[in-house]
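Chemist: here are the coordinates; sequence isn't available:
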Ligand code: SF4
Ligand code: SF4
């Protein structure tokens, strides 16, 4: 099963990933990170299909998606 992870300290709370996810997996937390932003988090993780659209839409490279043992992120390159 795909697994999406949000690095809360990289997130600036723009909400783009929440709007982009076709499965409505992501939601905004009611907690804030150390910079004072409400960060995104996976709300209904089991609905994730591993499409990685969330990560591609995140301007802060805060999202990683693991699919079949492969970790996809946009900040290791
Ligand atoms: S990988 Fe796709 S389905 Fe999963 S949280 Fe990201 S956008 Fe949503
Ligand atoms: S797109 Fe990135 S920065 Fe914006 S809310 Fe989602 S994880 Fe946070």
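Modeler: Perfect, thanks for sending it. Quantities reported herein were computed from a predicted structural model and do not represent experimental measurements. Ligands and ions are numbered 1, 2, ... in the order given.

Chemist: CA atoms for contacts and neighbours, from now on please.
Modeler: Will do.

Chemist: So which bits of the helix or strand bottoming out on mean pLDDT in the chain are buried?
Modeler: None of the helices or strands of the chain scores lower by mean pLDDT, DSSP states H and E than strand 70-73, at a mean of 90. Neighbour counts over strand 70-73 (16 or more other C-alpha atoms under 10 Å) mark 72-73 as buried.

Chemist: Do it and ligand 1 come into contact?
Modeler: No - remark: strand 70-73 sits outside contact range of ligand 1, by C-alpha under 6 Å from any ligand atom, the gap being at least 9.6 Å.

Chemist: cool, stretch 19-29 as well?
Modeler: Yes - counting by C-alpha under 6 Å from any ligand atom, ligand 1 has neighbours in stretch 19-29: 21-23, 25-26.

Chemist: for the record, mean pLDDT for that stretch?
Modeler: Across stretch 19-29, pLDDT averages out at 98.

Chemist: Over to stretch 59-68?
Modeler: In this model, stretch 59-68 has a mean pLDDT of 96.

Chemist: And for stretch 7-15?
Modeler: Stretch 7-15 comes out with an average pLDDT of 97.
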